[in-house]
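Novice: got a structure for you, letters missing:
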């Protein structure tokens, strides 16, 4: 694995590295960790990267690795969002599989262009919608698709966040590594709303199997007229005329990182919350509430395989993330097929950008119902 | 107290009677418990009402009580919604104070007409937005108004219900006493959405002190084209440009009666849920989560006075309801002033109908933003 | 109903009155509310007792009521514990049924003597082990006895309290009405340990159907060498060689009134906690956790009858207490038989005192295993 | 790192390996993974161990590694408990640091003998009381020692387990890898009670800073008269005359792995439960309940350093375990001193065995109070 971005002081870089390492199948051997050459070298040294694979730019890395007898199999992209597209495109053109941090790109147009690159490349491109890696999210998906819940009647998904301003002192970082997310030249369109909203959007479609068709959005906290929003509330019409609501907020003071999905079906309602990721609550129509736990035998096969530890031994964010890396490694090793791989790819990446674009368009048009385009 | 409606087999009638009784200040001495004379007499007998005060109609009761030396002080109305307006109007015209079940009336026009009746009557009219009686809802209100939370940035209020179909067998009733709520000639406009949505709307304004100004609504599950909806999701713009979301649903399988309010302010976020009515959760900006409990010393004076029992002795729905009855009794007895009385009145009743009307109008106009009229 | 004790400033007196009133079948018509005549009269006036039934002593009340055409049916005793025995004995001798606050008496000897009085009286004697009135406690009892859980393997019951010092300012009382509990001339033997420990002991036997046979106790926080303890931890051997643990503590800072029962059986474990009295958690052997809710159809018949409101409408301490009063009224009215009545009686009262006596004896003998005597 | 035991089919072996790997400082390069040579080789191959470091016995490994230019720094022992002592002793005699699974040894005598070996070795010996690695356990420790809680008045610690029979099918294992724990020739004295009870004992002393002095124990579910118990309930007297209770049970049906510690002090009570390992609940004397979260700024320095991720990103068992491995690596690298290292060592290991021995002796003597010997 080679890494672009994610140097010293990065928030998500170390998370990717620990997640990749946890499964014991992926080794970080090359990197272009910063756009500043000295910083890139310092980071590489701190990570025990061999000096000849400590690159000063991703262009240099892709070119040099191509010439090696033992090149990297894939590149992982953990830069600010605005750089995702050019790096992913060049990696694919250089014959490298790509594992990208989300969102896929900064704009819908880039996402479509990247989809074309992936389609003609014969390479694997996947991205880190991390929450899809949790066993209980996967069990929820299997329940929704297995028919035992009856038809879905309504979905509510929320991503409540109020933690940005409280979390970084403890990481010992001088500069808040989230800052670039508030810079229109580096962030994806949509700002914090998009940054967390695509997670909410993705988990909704991942679990339910329904597709969001049109949206009516209220977006709030715009900064400088640059389409960077702190908060968004979106009415949804899903396939099959199922109504839904999506809320994604950076204004949710007192919440940490509460991604929360509720699916209401004929026979039961499901609740999954990132506050208790190893639980799935099923509220049956007769009033019994059942709590299912990760690491137990009665879960679906996919959910069982997604746990490392037996019940009662909590697993968290790194373990969910590691599932994505391991399954991506399986894909590259042809140990699984692209169809069976649960790690989201460019289609899901483009869907996310399509959602953000439709939400912004709706808001600009007085919350008129706006159709997602693929 | 004289009661109209609420005979044998009623759901809310016995609740009103128990709530009125709990405070030991109100006695039920007269009633017109059913539109069917025999049923009215049977109910009165079962409730130990003196035969001469077991009336066959509310008209008869109002007229007869007027002629007594010991007339009732007030009438409580627990009929289907469509009858609230004519009964309340005639009661006021008969010189009786009125305590009405919610919603105030079946339509906005009736609510306005009733407001005029109340204004010219010099009598007290209040209604049972029960949730305003909980100590922790009142403490939330005092926190919002006291300034310690900083400015409000967003509000989300939900009323998630999936219980109607599971709850009535256990009451031993042959006929589901909720059935009239699905009959357009008896229910308020808006159906289940309005029936529970006005609670959500009221608690939002009661706690926050903000007012809903315009709405963009998605309403679902319409029955027979009669504006009776099972589910509604409404984007809100509140005074001071504060965004909000209101969801009220009878489709929320697996929920019981989960009215849930979240207020996100600069320094903290509040959560109150009817699942745990004796708790209020305050999430501070630095990440500490504080849970406050009913029956403790550190609550606001109003919240302290709203508990009957010391901390650790759970109180519930009847106790909250009883607070409204006791405070209404104080009002009649001039033990408190109309301004200081927390029990919602005709203004709050009309606000609720105005909200429902605006939501329906918005939905009919493709979710266009629609202003509430007073 | 006539009341002894429970005058102005009492903690438990108003609770008994509200609970008796809630069911709408019992009327408070006479009282000897204080040992101080003026206080007794003031209290009676405040409660709208007719002056000729506002007595200055219980002796006077029992004698005078006997001579009336419309005497009270029963007396409720809410005095300090040391007075329970003489009052209950005289009431029975006066031909009055007795509803007593717990514990039954101040000593085991008194409890045995009182049992003999009850047995020869042909009258009903019951006492307020309030927690047995909760629907979910009764459902737990029915589960334990119904066989679906398999054999019981272990029981843990706790009463964690740390609230005494925080709760009384809010009641607006000058003097802490709990103070007498710390006075050896007024309290039961055992002090706070006994005061709350008998609740824990009773609920264990009430729910499980097992009987505590021998105990090994550690008692702490003794005051003045008077066998008044703040805290007790007791190892139990139950019938059928089932092990158990009982903890009752006034030192449990941060707890409110957390009576908590866990029954571990072959196929499932049960948890009921007074923090969430309307829930019962059943943890099945395969790892599923099921939460059952009061007010639902699927509960046992007894549990269903013990709820006043449908699911989703919380009920609390007063409602549980009211169940005891209503069932006691049924007993007096011959609407139920003594065998079928769930309200604990003198046998349960004597069991509680036997437990306290055995625990103290064990502690005095270096925690030697000590057998309960009946 | 070299590993003894923990081959294919082991429960705890893969956990140690993942935990060691997570911190990115420790590499598994040698192993004697099974007492059966073929199994040892197969396991080594599966773990990509170089063939010349795939040993058939620990004796062979210690001897061969000593002769290498690049020997392992330390050995990690993950065999059945009965083998811990001989392996650890020989490792120390071979000049290797030791990281051992718990409990330290099978008997108290072995623990004392091992302590002498460690003392004369000048090498580091630490063991995996995993729960001490959780940030919130460490914050609880710092709160107890920092004085803000006031004097400790009581401690209750429990380890409730009912998961053994439900957890292993899902690991895809033919043979339950826990089986040896029920074999007296392989398990530590005390059986399941000791196996989990030493965790409970250790966390009590680790957090509170108090020491258990004497115990009165009830042990249950003895198998074959071999001092292997399924369940134990132990009354404790701690230093400073503080009372306590320890319960450790394999009979707690419906529980997963619920290690739960409550410390009641003058000004607040603490609750930590392994069900929610990233939370610590502080119940203040005035009735406020505060929940603290891992990954926040306001925790103690030690707790802050023990989190890898910012607040809202759950961490679990592997992350806590990895903290122990990282701190053990610091110790070997002289990056921290033995005094400041929080990873428990032979003293804590011997304390655990002393506790188990005292509990068994107490139970054999009718629960007589029995003093722990060092």
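Specialist: Cool, got the structure. All of these numbers come straight from a predicted model, not from anything done at the bench. Numbering: from 1, shown residues only, chains lettered A, B, ... in the order given.
Novice: show me where chain A has strands.
Specialist: Assigned by DSSP state E, chain A shows strands spanning A:2-5, A:30-32, A:74-78, A:97-100, A:125-127, A:152-161, A:212-220, A:231-238, A:242-249, A:257-265, A:268-273, A:279-284, A:289-293, A:370-371.
Novice: Residue numbers of chain A in contact with chain C?
Specialist: Proximity of chain A to chain C, by C-beta under 8 Å from any C-beta of the partner chain, involves residues A:286, A:287, A:288, A:289, A:290, A:291, A:292, A:293, A:296, A:297, A:298, A:311. All C-beta spots, glycine's among them, are computed from the backbone N, C-alpha and C.
Novice: Neighbour-wise, which one of the residues you listed leads?
Specialist: Scoring the residues of chain A next to chain C on neighbours with other C-beta atoms under 10 Å in any protein chain shown, the highest-scoring entry is residue A:287 at 27 neighbours.
Novice: ok, the closest residue to residue A:357 other than its chain neighbours to residue D:141 distance?
Specialist: When the adjacent residues along the chain are set aside, residue A:357 lies closest to residue A:108, with 4.3 Å between them (C-beta to C-beta, 6 or more residues apart in numbering or on different chains). Separation of residue A:108 from residue D:141 (C-beta to C-beta, to the nearest Å): 51 Å.
Novice: now swap in residue A:12 and tell me
Specialist: Using C-beta to C-beta, we find residue A:12 at a distance of 31 Å from residue D:141.
Novice: neighbour count winner among the two?
Specialist: residue D:141 (21 against 18).
Novice: low-confidence ranges in the stretch 101-250 of chain A?
Specialist: A:163-182, A:184, A:224 (pLDDT under 70).
Novice: so where do the helices sit in it?
Specialist: For the stretch 101-250 of chain A, the helices defined by DSSP state H, counting those that start in this stretch occupy A:108-121, A:135-146, A:164-167, A:191-208.
Novice: among those, which is nearest residue C:233?
Specialist: Checking those against residue C:233 by C-beta to C-beta gives helix A:135-146 as the closest, at 37.3 Å.
Novice: Reformat the strands of chain A as JSON lines; add distance to residue A:200.
Specialist: Below are the strands of chain A laid out as JSON lines (distance: least, C-beta to C-beta, whole Å):
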{"stretch": "strand A:2-5", "distance to residue A:200": "24"}
{"stretch": "strand A:30-32", "distance to residue A:200": "31"}
{"stretch": "strand A:74-78", "distance to residue A:200": "21"}
{"stretch": "strand A:97-100", "distance to residue A:200": "19"}
{"stretch": "strand A:125-127", "distance to residue A:200": "15"}
{"stretch": "strand A:152-161", "distance to residue A:200": "4"}
{"stretch": "strand A:212-220", "distance to residue A:200": "11"}
{"stretch": "strand A:231-238", "distance to residue A:200": "9"}
{"stretch": "strand A:242-249", "distance to residue A:200": "5"}
{"stretch": "strand A:257-265", "distance to residue A:200": "6"}
{"stretch": "strand A:268-273", "distance to residue A:200": "12"}
{"stretch": "strand A:279-284", "distance to residue A:200": "17"}
{"stretch": "strand A:289-293", "distance to residue A:200": "22"}
{"stretch": "strand A:370-371", "distance to residue A:200": "18"}
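Novice: Ok, which of these comes nearest chain B?
Specialist: strand A:279-284 (1.9 Å; C-beta to the nearest C-beta).
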